[in-house]
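Chemist: kindly generate the corresponding structure for this input.
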Amino acid sequence: MTRRLHIISALGISLLIGCATWRAAPQLPVGNSMVLDQLVVFSDSPLPRHHRLLEELRALRTTVSTKLQLPISDEPIHVYLFSTADKFEAFFRTCHPTLPRRRAFFVETDTRLSAYAYWGDRVAEDLRHEVVHGYLHAVVPNLPLWLDEGLAEYFEVPRGMDGVNRPHVQQLVAQGVDWRPDIVRLEQLTTTAEMTQLDYAESWAWVHLMLETSPQNRTVLQSYLQSLIQMAPPQPLSISLRQVDPGCQQHLANHLKTLNQGLQ
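Modeler: Next comes the predicted model:
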């Protein structure tokens, strides 16, 4: 079962097919709720307020804000935690009958930000990914799809990893010398249905290059996000990055090799 699904409704109407209203959505885990700053966490069973994973998700808001130089929003992010994969899948089949199976997903409407996941072996990774979508969408309008996913892939890894997503490093290096990173191609993607797992990996790689290799590259990304917040349409990120790092394509390939060597 793959995880990636990011749904946006620009009409203020949930895209949860067959779910007439949020409250009437079948089998939602709403028996218990907890407010953790921006997060409103719903579950079938009571959760300890100081649960390690929930505290990590709470702290992630400051991490994202600090790393990207973004303001912090108070807009609620509703997190629905299903107790089992079966309950999650029953909800998913009812509300998204035409979509492939997923482990977790994020939904944005004009009035609500929501993340859905179930308790499983990869729940921490899944929740970090989807909650980051929420933190980003609460403050950055019109975030390009590839960048939205690349940032979520960067922040989904555990603390202390400096954003290094091991599976992505290994997948990209395994492509060999014939593969060339192409940020312009990623900028043309408009729906998650168009994105392959390799696209997610490459999106992460460009984000990691910008955030972890030089102050100049980091500033390019931070300035781009600020322009989106200020509703001042920026030039494509690919152009801004090449202006400060003309050899960024080759630098990314070299960066991946260096990261891979560090993982050996």
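
Chemist: the residue positioned nearest the centre of the chain is in what secondary structure piece?
Modeler: Centroid check for the chain by Cα atoms, centre = their mean gives residue 152 as the closest residue, at 2.7 Å. Assigned by DSSP states H and E, residue 152 belongs to helix 145-155.

Chemist: ok, residues contacting the following helix or strand past that helix?
Modeler: Using DSSP H and E, the helix or strand that follows helix 145-155 in sequence is helix 166-173. Helix 166-173 has contacts (Cβ atoms under 8 Å, 6 or more residues apart in numbering) with 153, 157, 179, 197-198, 200-202, 204-205, 256-257, 259-260, 263. C-beta here means a position set from N, CA and C on the backbone, and glycine is covered the same way.

Chemist: toward the C-terminus, what is the element adjacent to helix 166-173?
Modeler: helix 183-187.

Chemist: residue 115 pairs with what?
Modeler: Residue 115 has these beta-bridge partners by DSSP bridges: residue 79, residue 106.

Chemist: surely residue 107 meets residue 114?
Modeler: Yes - applying Cβ atoms under 8 Å as the test, residue 107 and residue 114 come out as touching, 4.8 Å apart.

Chemist: where in this structure is the helix or strand with the lowest mean pLDDT?
Modeler: Across the helices and strands of the chain, mean pLDDT, DSSP states H and E gives its lowest value to strand 6-8, namely a mean of 54.

Chemist: next secondary structure element downstream of that one?
Modeler: strand 32-36.

Chemist: what's that following strand packed up against?
Modeler: With contacts defined as 3 or more Cβ pairs under 8 Å, 6 or more residues apart in numbering; DSSP states H and E, the packing partners of strand 32-36 are strand 39-43, helix 52-68.

Chemist: if I look at the closest residue to residue 57 other than its chain neighbours, how far off is residue 90?
Modeler: Excluding the flanking residues, the one nearest residue 57 by Cβ to Cβ, 6 or more residues apart in numbering is residue 131, at 5.2 Å. Separation of residue 131 from residue 90 (Cβ to Cβ, to the nearest Å) stands at 23 Å.

Chemist: which one of the two has more residues nearby?
Modeler: residue 131 (29 against 14; other Cβ atoms under 10 Å).

Chemist: what sits against that one?
Modeler: Taking Cβ under 8 Å, 6+ apart, one finds 39, 57, 60, 77, 79, 115 in contact with residue 131.

Chemist: can we see that at 10 Å?
Modeler: Counting by Cβ atoms under 10 Å, 6 or more residues apart in numbering, residue 131 makes contact with 38-39, 41, 56-58, 60-61, 64, 77, 79, 104, 106, 113, 115, 117, 152, 155-156.

Chemist: now the helix or strand hosting it, how far from the centre of its chain.
Modeler: In this assignment (DSSP H and E), residue 131 forms part of helix 123-137. In terms of Cα atoms, centre = their mean, to the nearest Å, the centre of helix 123-137 is found 5 Å from the chain centre.
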